[in-house]
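Undergrad: A predicted structure for the sequence below; I have some questions about it.
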Amino acid sequence: MTKDDIFTDNDSFFALKAVCNGLYKEKGSRFLSFAFPVCDVENAMATLREYRKRFFDARHVCFAYKIGATVIQTRTSDDGEPSGTAGQAILGQINSANLTNVLIIVVRYFGGVLLGTGGLYRAYKTAAADALQNGEIIEQIVENQIIIMFENQILNNVKKVINDNNLKILNQKFDINCTMQISVRKSLTDIIIQKFKENNIAILQY
C-alpha cells in the first residue's frame, strides 16, 4: 500500500462522468472491475468499504485511487495478492488514461488455477482498462474563488471586468460597500486580480 503527494500546475483535469464497470476472465478466475468518480479520500474509502461488504465472499478486493487536481494523492492495495501485481497495475491504467478523482476497485473470484505474478498483473491491468473503456471521460476546470469589495458607484467597472472575462459570480451583496464572490480559472487568477486592482477594486480573499 502506497500513498504519494504530487504537486502540479494544471488548471484542468480529466475525470469520469459516472460509475462504469468491466470484467476479465482468466483460467476460471473472474476479475470484476468498478471505476468511480470520487471527490476526496473519504469518499473513496467509503465506497471501498461498501464494496468490500458487497463482495465479502471474494478472494481479493484490490484497488487504486488518484485524487486531486493541484495536489495529487494516490493509494493502492494488493489485498493479499503478491506485492505489486494488483494495485500498481490498476493505478497504471488510471495514469495511462490521464485521469484523477477516480477510484478503481477490482474484485477477484479465484478459479482454482494460479496465474503467476505476470498473469496477475495483466489480469488486474486488463480488468481496470475494461472498466475505463466503458466510461465517459470529461474535462473539468480548476478554479479559484476570489472575494472582492468595492463602492457602489464603480459597479459598472466591476461588471465590465466580469463580463469581459466570462467570470462566474457565486455570491454578491450590495450596500454602501459591495462584495462579490467570484470563481476564476486558476491560470487566469493573477491576471484578473491585477485587473480588479487597476479599477480600485479591493481583494478581500483569495
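TA: Arrived safely.

Undergrad: any idea how many residues pack against residue 43?
TA: Residue 43 has 16 neighbouring residues, counting by other Cβ atoms under 10 Å. Every C-beta, even on glycine, is put in place using the N, C-alpha and C of the backbone.

Undergrad: which SSE is immediately downstream of the strand or helix carrying it?
TA: Counting by DSSP states H and E, the element that carries residue 43 is helix 41-54. Counting by DSSP H and E, the element after helix 41-54 in chain order, helix or strand, is strand 60-67.

Undergrad: and the following helix or strand past that following strand, what's buried?
TA: Per DSSP H and E, the first helix or strand lying C-terminal to strand 60-67 is strand 71-77. For strand 71-77, a neighbour-count test (16 or more other Cβ atoms under 10 Å) marks 72-77 as buried.

Undergrad: likewise stretch 78-95?
TA: Using 16+ other Cβ under 10 Å as the test for burial, stretch 78-95 gives 78-79, 81, 85-94.

Undergrad: which of those sits closest to residue 19?
TA: residue 94 (14.8 Å; Cβ to Cβ).

Undergrad: residue 60: neighbour count?
TA: Other residues near residue 60 come to 21 when the count uses other Cβ under 10 Å.

Undergrad: and for residue 49?
TA: 10.

Undergrad: which parts of this structure are strands?
TA: Counting by DSSP state E, the chain has these strands, from start to end: 3-7, 12-16, 20-26, 29-37, 60-67, 71-77, 102-109, 137-141, 143-151, 168-173, 177-185, 202-205.

Undergrad: check contacts around the spatially closest residue to residue 47 that is not a sequence neighbour.
TA: Using Cβ to Cβ, 6 or more residues apart in numbering and skipping the chain neighbours, the partner closest in space to residue 47 is residue 36 (5.5 Å). Going by Cβ atoms under 8 Å, 6 or more residues apart in numbering, residue 36 touches 16, 19, 44, 47, 102-105.

Undergrad: pLDDT score assigned to the residue sitting furthest away from the middle of the chain?
TA: Most distant from the centre of the chain: residue 153, at 41.8 Å, with distances by Cα atoms, centre = their mean. With respect to pLDDT, residue 153 scores 86.

Undergrad: by contact count, what packs against the helix holding residue 43?
TA: Helix 41-54 sits against strand 29-37, strand 60-67, strand 71-77, strand 102-109, with contacts defined as 3 or more Cβ pairs under 8 Å, 6 or more residues apart in numbering; DSSP states H and E.

Undergrad: hmm, try it at 7 Å
TA: The elements that helix 41-54 packs onto, with contact taken as 3 or more Cβ pairs under 7 Å, 6 or more residues apart in numbering; DSSP states H and E, are strand 60-67, strand 102-109.

Undergrad: my read: residue 105 touches residue 49, true?
TA: No: using Cβ atoms under 7 Å, residue 105 is not in contact with residue 49, being 10.8 Å away.

Undergrad: biggest helix in this structure by residues?
TA: Taking DSSP state H as the criterion, the chain has its longest helix at helix 116-133.

Undergrad: who's in contact with that one?
TA: Helix 116-133 is contacted by residues 20-24, 26, 31, 33-35, 62, 81-82, 85-86, 89-90, 92-93, 97, 104, 106, 115 when judged by Cβ atoms under 7 Å, 6 or more residues apart in numbering.
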